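A.B. asks: Build me a model:
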Amino acid sequence: MSRTFYIKNTQAPEEMTPQQLLNLQREGFVQYSIDDNDEHYSQVMSAPLSDWGYMLMGQEGISGRGFEVSYDTETQDYGVRVFTPSTEADWLGAYEFIGKVATALGSKVVDEEGEVYEPNAITYDYRNDIKFGIKCYEGEKGGSYLFGVYRPICLSDEMINGLLAAEDKVKAFSQLIEKQLYEHPDAYIARQQFFRNDRGEVMGAYALTEGVPTILPYEYPPFVDFTQVNLSQDDVKLWRISLVVINGDENDPDAYEVLDGLDYQTFLERLPQEKIQKLDGHYMLITLNRQELETLLQNDKQERKGLLAKLKNFLTTK
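C.D. replies: Prediction:
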């Protein structure tokens, strides 16, 4: 669910680039669709917006879900799409963004129902939109996902019940999402990687590095973030995690060594429960030192030895 606002491009056929759109804004507005260190970053940011398709934008350190910005070459409209529900900061940021673009183009703002607004006087009731989005969670069990600007968030039963019971639902939702994204600023959000094994099966992989507070799934199988990869949940047949240690300077890429890997389900089963800090209905924050990583693998080696001993005993008794 979402709400889209349109701004007529009075400069057509000339079309703004993502960077030009951001240049119209005050400092703090950013895009979340491509990493600054991506080799194609400069090319993407300096090309017409429609070449990319759409971009997720928002305010650094403030936005919860952000908003999508796109350009329709047929209608010659810029579109700004706000998700339902979004945080209050998302809505206010979107209104400010829309206002700057519309003012620069000398255009009115039109929503998807044809309501027309002055650039800096959008009166659409965003609070009601947020409340409606929250109401849609009624009757749902935990496991409802929404996408933040940095990672997916899984609403647990407890979180959903808290939102539904809140007197000020707009405030409660905004605080919940902002807490999920900004309470642990030093945490590393583990990135999913995918590859095919020699049988052609898609495998998902994570990495956990010693001493690094890391956000990882605590449920199996991990949720596939389909906003980042063209895969479905059922496409991924196996999940693994690499355990990494640092030999020397953490700023030296050559200092990082992969001790070994584990099946992800086995990894979860062996984790010390006291080390797990659950963040939502699917993700945890965890930090393990070198010894704790080695212990996870030592257990794996002991299990292998036990299995080999049983196999040897079985064969010798035949």
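A.B. asks: Run through the stretch 51-200 of the chain and note the low-pLDDT ranges.
C.D. replies: Scanning the stretch 51-200 of the chain for pLDDT under 70 picks out 142.
A.B. asks: Lys179 and Gly162: what is the separation?
C.D. replies: Using C-beta to C-beta, to the nearest Å, Lys179 is found at 12 Å from Gly162. Bear in mind the C-beta positions are built from the backbone N, C-alpha and C, glycine included.
A.B. asks: hang on, I meant Asp129
C.D. replies: 20 Å.
A.B. asks: Same question for stretch 4-13: list its buried residues.
C.D. replies: 5-9 (16 or more other C-beta atoms under 10 Å).
A.B. asks: Arg127 in helix, strand or coil?
C.D. replies: Classification of Arg127 using DSSP: H, G, I helix; E, B strand; the rest coil returns helix.
A.B. asks: List the residues that contact the nearest residue to it once chain neighbours are set aside.
C.D. replies: Computed as C-beta to C-beta, 6 or more residues apart in numbering, the closest residue to Arg127 that is not its neighbour in sequence is Val170, at 5.1 Å. In this structure, Val170 makes contact with 88, 127, 130-131, judged by C-beta atoms under 8 Å, 6 or more residues apart in numbering.
A.B. asks: 6 Å - rerun?
C.D. replies: Contact partners of Val170, counting by C-beta atoms under 6 Å, 6 or more residues apart in numbering, are 88, 127, 130.
A.B. asks: Any chance of those in a markdown table with neighbour count and distance to Pro152 as columns?
C.D. replies: Output for the contacts of Val170, formatted as a markdown table (neighbours: other C-beta atoms under 10 Å; distance: C-beta to C-beta, whole Å):
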| residue | neighbour count | distance to Pro152 |
| --- | --- | --- |
| Glu88 | 17 | 21 |
| Arg127 | 14 | 25 |
| Ile130 | 24 | 19 |
